[in-house]
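Q: Just need the structure, nothing else, for what follows:
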Amino acid sequence: MSPGVCICPPGYYGDGCDKANCSITCLNGGTCFHPGKCICPAGYEGPRCGISKCLQPCRNGGKCTGKNKCKCDKGFHGDLCSKAVCEPSCGAHGTCVEPNKCLCKEGWHGRHCNKRYRGGAPNTHRLSSGPKHKPQQHSSSAKEVKDVPDADIPAETNYVV
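A: This next block holds a predicted model:
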């Protein structure tokens, strides 16, 4: 052995034994820092940076399939599967709030918000969950109706409170 000459441990080389002798190729822009190990760029992980990950998690049961790409479950779409799908759509008078459930704008009702209230009943909305109430005749109170499926319930009074 000569003076000033380093004998590097297995897997390293260079004047100061500071370079890794990588037997693997790092993928997706990763950099080898130790034999068989890579430093991965944002959005990738794994020993060779070959596993894509989503920086923001997919929603509503969606699965990450690539760098910030989600495969959405039925009923959702969008980059993170955060937008509900209504088929047919809610049209110009409603917003899709859950798969195949529309929230209708004031004055509109129907499964797809395509029916206009006659007389323009103000402040009416499609009831979709929770207890349902039916106004009592000649009274300002409402009686709870149990076990009623989601439905479009037109106003039976001039105002729905």
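Q: Could you count how many residues lie near Gly61?
A: By other CB atoms under 10 Å, the residues close to Gly61 number 13. Placement of C-beta: from N, CA and C, glycine included.
Q: cool, Pro47 as well?
A: Counted with other CB under 10 Å, the neighbours of Pro47 add up to 14.
Q: so is it in a helix, a strand, or just coil?
A: Three-state call for Pro47 (DSSP: H, G, I helix; E, B strand; the rest coil): coil.
Q: Please list all residues in contact with it.
A: Contacts for Pro47 (CB atoms under 8 Å, 6 or more residues apart in numbering) come out as Ile24, Gly36, Lys37, Cys38.
Q: With Lys19 instead?
A: Tyr12, Tyr13.
Q: any idea how far it is from Lys37?
A: 14 Å (CB to CB, to the nearest Å).
Q: got it, and Cys26?
A: 9 Å.
Q: same thing with Arg48?
A: Distance from Arg48 to Lys37, by CB to CB: 9 Å.
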